[in-house]
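Trainee: let me see the structure of the following:
(one chain, ligands or ions: 1)
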Amino acid sequence: MSPEVHPGLEGVVAAETQLSSVDGLAGELIIAGFPLAELAPNATAEETIYLLWNGQLPNASQLSELQQALASQRVLSPATLDLLRAVAAEKASTMDALRMAAGSLISTDDPDADAVRVVAQLPTMVATYWRLRQGQAPLEPRTDLSHAANYLYMLHGSAPTPQQVRALETYLNTVVDHGLNASTFTARVITSTGSDLISAVVGAVGALKGPLHGGAPGPALDMVFAIGKPENAEPYLRQKLESGERLMGFGHRVYKVRDPRADVLALAADKLFEGAGDSSFYDLVRHVEETAIALLAEYKPGRRLQTNVEFYTAFLLHGLDLPTDLFTPTFTIGRAAGWIAHCFEQRATGRLIRPQSVYVGPHNRTWTPLDER
Ligand code: COA
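Mentor: As a prediction, the model looks like this:
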(Lines give C-alpha, C1' and ligand atoms only; values in the text may rest on other atoms or scores of the structure.)
Protein backbone atom coordinates (compact mmCIF):
# COMPACT_ATOMS: atom_id res chain seq x y z
CA MET A 1 0.00 0.00 0.00
CA SER A 2 1.31 3.47 -0.93
CA PRO A 3 1.89 5.87 1.94
CA GLU A 4 -0.48 8.84 2.16
CA VAL A 5 0.80 11.93 0.32
CA HIS A 6 0.23 15.41 1.75
CA PRO A 7 0.60 17.83 -1.18
CA GLY A 8 2.12 21.07 0.03
CA LEU A 9 2.57 19.32 3.41
CA GLU A 10 -0.78 20.82 4.37
CA GLY A 11 -1.83 19.76 7.87
CA VAL A 12 1.50 18.06 8.57
CA VAL A 13 3.02 19.04 11.93
CA ALA A 14 6.80 18.99 11.55
CA ALA A 15 8.06 20.89 14.59
CA GLU A 16 7.30 22.14 18.07
CA THR A 17 7.93 25.82 18.63
CA GLN A 18 7.72 28.39 21.41
CA LEU A 19 7.93 31.26 18.94
CA SER A 20 4.48 31.72 17.47
CA SER A 21 1.09 30.10 17.30
CA VAL A 22 -1.19 30.52 14.32
CA ASP A 23 -4.85 29.61 14.70
CA GLY A 24 -6.30 29.87 11.24
CA LEU A 25 -9.89 29.25 12.24
CA ALA A 26 -9.97 31.66 15.18
CA GLY A 27 -7.85 34.23 13.32
CA GLU A 28 -5.36 34.35 16.18
CA LEU A 29 -1.63 34.92 16.13
CA ILE A 30 0.45 34.65 19.30
CA ILE A 31 4.09 35.71 19.36
CA ALA A 32 6.06 34.15 22.23
CA GLY A 33 2.96 34.25 24.41
CA PHE A 34 1.75 37.73 23.41
CA PRO A 35 -1.36 38.22 21.27
CA LEU A 36 -0.10 40.05 18.18
CA ALA A 37 -2.26 43.12 18.88
CA GLU A 38 -0.62 43.40 22.31
CA LEU A 39 2.98 43.09 21.12
CA ALA A 40 3.19 44.67 17.67
CA PRO A 41 2.09 48.26 18.40
CA ASN A 42 4.02 48.44 21.70
CA ALA A 43 7.41 46.79 21.23
CA THR A 44 10.43 48.26 19.51
CA ALA A 45 11.96 46.04 16.84
CA GLU A 46 14.87 45.35 19.18
CA GLU A 47 12.53 44.25 22.00
CA THR A 48 10.81 41.78 19.69
CA ILE A 49 14.10 40.41 18.43
CA TYR A 50 15.28 39.92 21.99
CA LEU A 51 11.99 38.29 22.94
CA LEU A 52 12.21 35.74 20.13
CA TRP A 53 15.86 34.94 20.67
CA ASN A 54 15.62 34.70 24.47
CA GLY A 55 12.02 33.77 25.23
CA GLN A 56 11.40 36.86 27.39
CA LEU A 57 11.33 40.64 27.12
CA PRO A 58 14.65 42.33 27.86
CA ASN A 59 15.25 44.52 30.89
CA ALA A 60 16.81 47.94 30.29
CA SER A 61 20.43 46.78 30.28
CA GLN A 62 19.74 43.71 28.12
CA LEU A 63 17.90 45.92 25.64
CA SER A 64 20.65 48.49 25.56
CA GLU A 65 23.23 45.74 24.97
CA LEU A 66 21.29 44.39 21.98
CA GLN A 67 20.68 47.89 20.59
CA GLN A 68 24.40 48.61 20.75
CA ALA A 69 25.37 45.26 19.28
CA LEU A 70 23.03 45.75 16.31
CA ALA A 71 24.09 49.38 15.78
CA SER A 72 27.77 48.43 15.84
CA GLN A 73 27.33 45.76 13.15
CA ARG A 74 25.46 47.81 10.52
CA VAL A 75 28.40 48.72 8.28
CA LEU A 76 28.85 46.45 5.25
CA SER A 77 32.19 44.89 4.42
CA PRO A 78 34.01 46.21 1.32
CA ALA A 79 33.27 42.86 -0.39
CA THR A 80 29.51 43.18 0.18
CA LEU A 81 29.57 46.81 -0.96
CA ASP A 82 31.52 45.94 -4.13
CA LEU A 83 29.04 43.17 -4.85
CA LEU A 84 26.08 45.54 -4.48
CA ARG A 85 27.71 48.08 -6.80
CA ALA A 86 28.31 45.40 -9.44
CA VAL A 87 24.78 44.05 -9.12
CA ALA A 88 23.27 47.56 -9.33
CA ALA A 89 25.03 47.99 -12.66
CA GLU A 90 23.21 44.84 -13.83
CA LYS A 91 19.90 46.29 -12.57
CA ALA A 92 19.04 43.17 -10.58
CA SER A 93 15.86 43.18 -8.49
CA THR A 94 16.31 44.24 -4.88
CA MET A 95 15.46 40.72 -3.68
CA ASP A 96 18.11 39.21 -5.96
CA ALA A 97 20.59 41.76 -4.67
CA LEU A 98 19.61 41.03 -1.08
CA ARG A 99 19.99 37.28 -1.58
CA MET A 100 23.46 37.79 -3.03
CA ALA A 101 24.50 40.33 -0.40
CA ALA A 102 23.31 38.08 2.44
CA GLY A 103 25.25 35.27 0.77
CA SER A 104 28.41 37.38 0.84
CA LEU A 105 28.53 37.26 4.64
CA ILE A 106 31.14 34.86 5.94
CA SER A 107 29.81 32.56 8.64
CA THR A 108 31.79 32.15 11.84
CA ASP A 109 31.64 29.49 14.51
CA ASP A 110 29.66 31.90 16.71
CA PRO A 111 25.98 31.67 15.67
CA ASP A 112 24.95 34.37 18.17
CA ALA A 113 27.35 36.86 16.60
CA ASP A 114 26.28 35.79 13.09
CA ALA A 115 22.64 36.34 14.09
CA VAL A 116 23.29 39.93 15.21
CA ARG A 117 25.41 40.67 12.14
CA VAL A 118 22.91 39.42 9.59
CA VAL A 119 19.93 41.16 11.25
CA ALA A 120 21.94 44.38 11.57
CA GLN A 121 23.11 44.31 7.97
CA LEU A 122 19.98 43.34 6.02
CA PRO A 123 18.55 46.90 6.28
CA THR A 124 21.91 48.37 5.26
CA MET A 125 22.04 46.03 2.27
CA VAL A 126 18.54 46.98 1.10
CA ALA A 127 18.99 50.72 1.60
CA THR A 128 22.47 50.74 0.07
CA TYR A 129 21.33 48.79 -2.95
CA TRP A 130 18.23 50.88 -3.40
CA ARG A 131 20.20 54.12 -3.44
CA LEU A 132 22.78 52.66 -5.82
CA ARG A 133 19.97 51.57 -8.16
CA GLN A 134 18.60 55.13 -8.09
CA GLY A 135 22.03 56.51 -8.95
CA GLN A 136 22.39 57.99 -5.46
CA ALA A 137 25.35 57.65 -3.15
CA PRO A 138 24.66 55.18 -0.34
CA LEU A 139 24.55 56.59 3.19
CA GLU A 140 26.59 55.38 6.12
CA PRO A 141 24.41 53.77 8.80
CA ARG A 142 23.94 55.81 11.99
CA THR A 143 24.65 54.27 15.37
CA ASP A 144 22.47 56.76 17.24
CA LEU A 145 19.26 55.51 15.59
CA SER A 146 17.19 52.43 16.32
CA HIS A 147 17.02 49.45 13.96
CA ALA A 148 13.83 50.75 12.29
CA ALA A 149 14.77 54.45 12.32
CA ASN A 150 18.18 53.77 10.80
CA TYR A 151 16.60 51.82 7.92
CA LEU A 152 14.27 54.72 7.07
CA TYR A 153 17.14 57.18 7.42
CA MET A 154 19.37 55.17 5.09
CA LEU A 155 16.61 54.98 2.48
CA HIS A 156 15.37 58.56 2.56
CA GLY A 157 18.39 60.54 3.78
CA SER A 158 16.58 62.24 6.64
CA ALA A 159 15.74 61.10 10.15
CA PRO A 160 12.16 59.75 10.29
CA THR A 161 9.43 61.11 12.57
CA PRO A 162 8.50 59.12 15.69
CA GLN A 163 5.17 58.24 13.96
CA GLN A 164 7.00 56.79 10.99
CA VAL A 165 9.33 54.78 13.22
CA ARG A 166 6.35 53.48 15.21
CA ALA A 167 4.57 52.45 12.01
CA LEU A 168 7.61 50.57 10.71
CA GLU A 169 8.23 48.92 14.07
CA THR A 170 4.62 47.76 14.20
CA TYR A 171 5.09 46.29 10.73
CA LEU A 172 8.40 44.56 11.54
CA ASN A 173 6.90 43.10 14.72
CA THR A 174 3.80 41.95 12.86
CA VAL A 175 5.72 39.92 10.31
CA VAL A 176 8.52 38.68 12.58
CA ASP A 177 7.21 35.14 12.86
CA HIS A 178 4.33 33.07 11.62
CA GLY A 179 4.53 29.38 12.41
CA LEU A 180 6.07 27.03 9.92
CA ASN A 181 5.63 29.19 6.82
CA ALA A 182 7.63 28.32 3.70
CA SER A 183 10.70 30.48 4.33
CA THR A 184 10.89 29.54 8.02
CA PHE A 185 10.60 25.88 7.08
CA THR A 186 13.39 26.40 4.55
CA ALA A 187 15.59 27.94 7.25
CA ARG A 188 14.86 25.03 9.58
CA VAL A 189 15.56 22.43 6.88
CA ILE A 190 18.93 24.02 6.15
CA THR A 191 19.76 24.28 9.85
CA SER A 192 18.73 20.66 10.37
CA THR A 193 21.56 19.51 8.12
CA GLY A 194 24.07 21.11 10.51
CA SER A 195 24.65 23.97 8.09
CA ASP A 196 25.28 27.53 9.29
CA LEU A 197 22.94 30.39 10.09
CA ILE A 198 23.95 32.56 7.12
CA SER A 199 23.12 29.70 4.73
CA ALA A 200 19.75 29.25 6.43
CA VAL A 201 18.95 32.96 6.01
CA VAL A 202 20.04 32.98 2.36
CA GLY A 203 17.84 29.96 1.59
CA ALA A 204 14.93 31.57 3.42
CA VAL A 205 15.34 34.78 1.41
CA GLY A 206 14.96 32.70 -1.74
CA ALA A 207 11.76 31.13 -0.42
CA LEU A 208 10.28 34.41 0.75
CA LYS A 209 10.79 36.00 -2.66
CA GLY A 210 8.03 33.99 -4.36
CA PRO A 211 4.68 35.69 -5.08
CA LEU A 212 2.77 33.05 -3.13
CA HIS A 213 4.72 33.96 -0.01
CA GLY A 214 6.37 37.36 0.47
CA GLY A 215 6.11 38.69 -3.04
CA ALA A 216 2.44 39.74 -2.95
CA PRO A 217 2.26 43.26 -1.43
CA GLY A 218 3.76 45.01 -4.46
CA PRO A 219 1.11 43.56 -6.80
CA ALA A 220 -1.61 44.30 -4.19
CA LEU A 221 -0.71 47.99 -4.27
CA ASP A 222 -0.38 48.00 -8.07
CA MET A 223 -3.90 46.61 -8.17
CA VAL A 224 -5.28 49.49 -6.07
CA PHE A 225 -3.40 52.03 -8.20
CA ALA A 226 -4.81 50.41 -11.36
CA ILE A 227 -8.32 50.62 -9.86
CA GLY A 228 -7.74 54.31 -9.07
CA LYS A 229 -11.35 55.25 -8.17
CA PRO A 230 -13.92 53.43 -5.99
CA GLU A 231 -16.38 53.00 -8.90
CA ASN A 232 -13.74 51.06 -10.88
CA ALA A 233 -13.23 48.47 -8.15
CA GLU A 234 -16.06 46.10 -8.97
CA PRO A 235 -15.62 45.90 -12.78
CA TYR A 236 -11.83 45.63 -12.42
CA LEU A 237 -11.91 42.87 -9.82
CA ARG A 238 -14.74 41.02 -11.54
CA GLN A 239 -12.78 40.96 -14.79
CA LYS A 240 -9.73 39.52 -12.98
CA LEU A 241 -11.77 36.76 -11.38
CA GLU A 242 -13.62 36.02 -14.65
CA SER A 243 -10.26 35.47 -16.33
CA GLY A 244 -9.18 33.09 -13.54
CA GLU A 245 -6.62 35.44 -11.98
CA ARG A 246 -5.93 35.58 -8.23
CA LEU A 247 -6.46 38.76 -6.29
CA MET A 248 -3.20 39.62 -4.57
CA GLY A 249 -3.54 40.26 -0.84
CA PHE A 250 -6.40 37.80 -0.35
CA GLY A 251 -6.54 34.16 0.66
CA HIS A 252 -4.26 32.23 2.96
CA ARG A 253 -3.25 28.60 3.39
CA VAL A 254 -3.92 28.71 7.13
CA TYR A 255 -6.30 31.61 7.86
CA LYS A 256 -9.88 30.97 6.88
CA VAL A 257 -10.97 34.21 8.58
CA ARG A 258 -9.41 37.68 8.36
CA ASP A 259 -5.66 37.51 8.94
CA PRO A 260 -5.12 39.11 12.41
CA ARG A 261 -2.01 40.78 11.03
CA ALA A 262 -4.20 42.68 8.55
CA ASP A 263 -6.11 44.22 11.51
CA VAL A 264 -2.96 45.30 13.32
CA LEU A 265 -1.52 46.80 10.15
CA ALA A 266 -4.82 48.45 9.18
CA LEU A 267 -4.81 50.22 12.55
CA ALA A 268 -1.19 51.29 12.13
CA ALA A 269 -1.86 52.47 8.55
CA ASP A 270 -4.93 54.34 9.82
CA LYS A 271 -2.77 56.27 12.31
CA LEU A 272 -0.10 57.01 9.74
CA PHE A 273 -2.51 58.24 7.07
CA GLU A 274 -4.52 60.22 9.65
CA GLY A 275 -1.39 62.15 10.54
CA ALA A 276 -0.85 62.88 6.84
CA GLY A 277 -4.26 64.64 6.53
CA ASP A 278 -5.60 63.14 3.27
CA SER A 279 -7.49 59.90 3.79
CA SER A 280 -8.83 59.51 0.21
CA PHE A 281 -6.29 56.83 -0.68
CA TYR A 282 -6.98 54.97 2.53
CA ASP A 283 -10.74 55.12 1.80
CA LEU A 284 -10.11 53.68 -1.66
CA VAL A 285 -8.13 50.84 -0.09
CA ARG A 286 -11.00 50.02 2.28
CA HIS A 287 -13.45 50.02 -0.61
CA VAL A 288 -11.26 47.73 -2.72
CA GLU A 289 -10.96 45.36 0.22
CA GLU A 290 -14.73 45.20 0.82
CA THR A 291 -15.44 44.69 -2.88
CA ALA A 292 -12.78 42.00 -3.24
CA ILE A 293 -14.10 40.03 -0.27
CA ALA A 294 -17.66 40.17 -1.61
CA LEU A 295 -16.58 39.06 -5.08
CA LEU A 296 -14.35 36.27 -3.77
CA ALA A 297 -17.35 34.91 -1.85
CA GLU A 298 -19.36 35.05 -5.07
CA TYR A 299 -16.74 33.45 -7.35
CA LYS A 300 -15.17 31.05 -4.86
CA PRO A 301 -18.04 30.09 -2.57
CA GLY A 302 -17.01 28.03 0.43
CA ARG A 303 -13.32 28.93 0.05
CA ARG A 304 -13.49 31.56 2.79
CA LEU A 305 -11.02 33.89 1.11
CA GLN A 306 -10.24 36.90 3.29
CA THR A 307 -7.76 39.76 3.47
CA ASN A 308 -4.22 38.64 4.24
CA VAL A 309 -1.21 40.45 5.70
CA GLU A 310 0.09 41.53 2.30
CA PHE A 311 -2.85 43.78 1.58
CA TYR A 312 -2.27 46.15 4.51
CA THR A 313 1.47 45.76 4.29
CA ALA A 314 1.17 47.48 0.93
CA PHE A 315 -0.60 50.49 2.37
CA LEU A 316 1.48 50.86 5.46
CA LEU A 317 4.74 50.70 3.54
CA HIS A 318 3.36 53.01 0.87
CA GLY A 319 2.50 55.45 3.68
CA LEU A 320 6.18 55.31 4.69
CA ASP A 321 7.16 56.35 1.14
CA LEU A 322 8.65 52.96 0.38
CA PRO A 323 8.44 52.03 -3.31
CA THR A 324 6.81 48.67 -4.12
CA ASP A 325 10.21 47.20 -5.01
CA LEU A 326 11.12 47.48 -1.34
CA PHE A 327 8.05 45.76 0.08
CA THR A 328 9.36 42.20 -0.04
CA PRO A 329 12.87 43.24 1.05
CA THR A 330 11.33 45.04 4.05
CA PHE A 331 9.31 41.92 4.87
CA THR A 332 12.61 40.04 4.75
CA ILE A 333 14.17 42.48 7.23
CA GLY A 334 11.31 41.80 9.66
CA ARG A 335 11.11 38.04 9.18
CA ALA A 336 14.85 37.42 9.44
CA ALA A 337 14.73 37.68 13.25
CA GLY A 338 12.04 34.98 13.27
CA TRP A 339 14.02 32.73 10.93
CA ILE A 340 17.01 32.97 13.21
CA ALA A 341 14.95 32.16 16.31
CA HIS A 342 13.70 29.05 14.48
CA CYS A 343 17.27 28.12 13.54
CA PHE A 344 18.18 28.22 17.24
CA GLU A 345 15.16 26.05 18.08
CA GLN A 346 15.90 23.63 15.26
CA ARG A 347 19.55 23.30 16.25
CA ALA A 348 18.45 22.39 19.77
CA THR A 349 16.44 19.43 18.42
CA GLY A 350 19.43 18.05 16.52
CA ARG A 351 17.08 16.23 14.16
CA LEU A 352 17.57 16.17 10.37
CA ILE A 353 14.39 17.12 8.47
CA ARG A 354 14.00 14.54 5.76
CA PRO A 355 10.53 13.68 4.47
CA GLN A 356 9.84 11.04 1.84
CA SER A 357 8.37 10.98 -1.65
CA VAL A 358 6.36 8.36 -3.49
CA TYR A 359 7.80 7.38 -6.85
CA VAL A 360 5.15 7.70 -9.59
CA GLY A 361 7.46 7.51 -12.65
CA PRO A 362 7.88 4.68 -15.13
CA HIS A 363 9.58 1.34 -14.32
CA ASN A 364 11.78 -1.10 -16.25
CA ARG A 365 12.88 1.23 -19.03
CA THR A 366 15.52 -0.06 -21.42
CA TRP A 367 18.47 1.99 -22.59
CA THR A 368 18.34 3.62 -26.07
CA PRO A 369 21.74 4.60 -27.51
CA LEU A 370 22.09 8.32 -28.32
CA ASP A 371 22.04 7.91 -32.13
CA GLU A 372 18.73 6.02 -31.95
CA ARG A 373 16.85 8.65 -29.89
N1 COA B 1 -7.90 35.18 -5.59
C2 COA B 1 -8.75 34.39 -6.27
N3 COA B 1 -8.91 33.08 -6.01
C4 COA B 1 -8.19 32.55 -5.02
C5 COA B 1 -7.30 33.34 -4.26
C6 COA B 1 -7.17 34.70 -4.57
N7 COA B 1 -6.34 35.48 -3.91
N8 COA B 1 -6.72 32.54 -3.33
C9 COA B 1 -7.22 31.30 -3.51
N10 COA B 1 -8.11 31.32 -4.52
C11 COA B 1 -8.90 30.20 -5.00
C12 COA B 1 -8.09 29.25 -5.84
O13 COA B 1 -8.09 29.64 -7.20
C14 COA B 1 -8.80 27.95 -5.61
O15 COA B 1 -9.96 27.95 -6.38
P16 COA B 1 -10.46 26.62 -7.13
O17 COA B 1 -10.65 25.61 -6.05
O18 COA B 1 -11.70 27.06 -7.80
O19 COA B 1 -9.35 26.24 -8.06
C20 COA B 1 -9.24 28.05 -4.16
O21 COA B 1 -9.34 29.44 -3.88
C22 COA B 1 -8.28 27.43 -3.16
O23 COA B 1 -6.98 27.87 -3.47
P24 COA B 1 -5.64 27.12 -3.08
O25 COA B 1 -4.62 27.46 -4.11
O26 COA B 1 -5.92 25.69 -2.77
O27 COA B 1 -5.32 27.78 -1.74
P28 COA B 1 -3.90 27.84 -1.09
O29 COA B 1 -4.07 27.50 0.33
O30 COA B 1 -2.87 27.08 -1.82
O31 COA B 1 -3.60 29.38 -1.34
C32 COA B 1 -2.49 31.39 -1.33
C33 COA B 1 -3.05 30.26 -0.48
C34 COA B 1 -1.97 32.50 -0.42
C35 COA B 1 -1.34 30.86 -2.17
C36 COA B 1 -3.60 31.96 -2.27
O37 COA B 1 -4.70 32.37 -1.51
C38 COA B 1 -3.13 33.07 -3.18
O39 COA B 1 -2.55 32.82 -4.25
N40 COA B 1 -3.35 34.36 -2.80
C41 COA B 1 -2.88 35.47 -3.57
C42 COA B 1 -1.43 35.73 -3.29
C43 COA B 1 -1.18 36.32 -1.92
O44 COA B 1 -1.88 37.23 -1.49
N45 COA B 1 -0.13 35.81 -1.24
C46 COA B 1 0.26 36.27 0.07
C47 COA B 1 -0.06 35.26 1.12
S48 COA B 1 0.25 35.87 2.73
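Trainee: which residue packs closest to residue 172, ignoring adjacent ones?
Mentor: Leaving aside its sequence neighbours, residue 172 sits nearest to residue 334 (Cβ to Cβ, 6 or more residues apart in numbering; 3.9 Å). Any C-beta I mention is one placed from the backbone N, CA and C, and that applies to glycine too.
Trainee: could you look up the SS state of that neighbour?
Mentor: Following DSSP: H, G, I helix; E, B strand; the rest coil, we place residue 334 in the helix state.
Trainee: what does the chain put close to the ligand?
Mentor: Neighbours of the ligand within the chain, by Cβ under 6 Å from any ligand atom: 212, 216, 246-253, 296, 300, 303, 305, 308-310.
Trainee: let's see 5 Å
Mentor: 212, 216, 246-251, 253, 300, 303, 308, 310 (Cβ under 5 Å from any ligand atom).
Trainee: and the strands in this protein, which stretches?
Mentor: Using DSSP state E, the strands found in the chain span residues 20-23, 28-31, 34-35.
Trainee: about what we covered before: now the residue nearest to residue 172: how far from the ligand?
Mentor: Per Cβ to the nearest ligand atom, to the nearest Å, residue 334 is found 13 Å from the ligand.
Trainee: wait, what's in contact with the residue nearest the centre of the chain?
Mentor: Nearest to the mean C-alpha position of the chain, by Cα atoms, centre = their mean, lies residue 331 at 3.1 Å. With contact set as Cβ atoms under 8 Å, 6 or more residues apart in numbering, residue 331 has these partners: 175, 208, 214, 217, 313.
Trainee: farthest pair within the residues you listed?
Mentor: Within those, 208 and 313 form the most distant pair, 12.7 Å apart (Cβ to Cβ).
Trainee: so who does the residue of the stretch 201-350 of the chain found nearest the ligand touch?
Mentor: For the stretch 201-350 of the chain and the ligand, the shortest gap (Cβ to the nearest ligand atom) falls at residue 251, measuring 2.2 Å. By Cβ under 8 Å, 6+ apart, residue 251 lies in contact with 296, 303, 305-306, 308.
Trainee: same question for residue 345.
Mentor: Listed by Cβ under 8 Å, 6+ apart, the contact set of residue 345 reads 15, 17-19, 188.
Trainee: out of those, which are buried?
Mentor: Buried members of those, scored by 16 or more other Cβ atoms under 10 Å, are 15, 17, 19, 188.
Trainee: so how far is residue 350 from the first one?
Mentor: What that stands for is residue 15. Remark: distance between residue 15 and residue 350 (Cβ to Cβ, to the nearest Å) = 13 Å.
Trainee: where in the stretch 151-300 of the chain is pLDDT low?
Mentor: Within the stretch 151-300 of the chain, the stretches with pLDDT under 70 are 216-217, 277-278.
Trainee: ditto for the stretch 1-150 of the chain
Mentor: By pLDDT under 70, the weakly predicted segments of the stretch 1-150 of the chain are 1.
Trainee: now it against the ligand: closest residue?
Mentor: For the stretch 1-150 of the chain, Cβ to the nearest ligand atom, closest residue to the ligand: residue 8, 6.5 Å.
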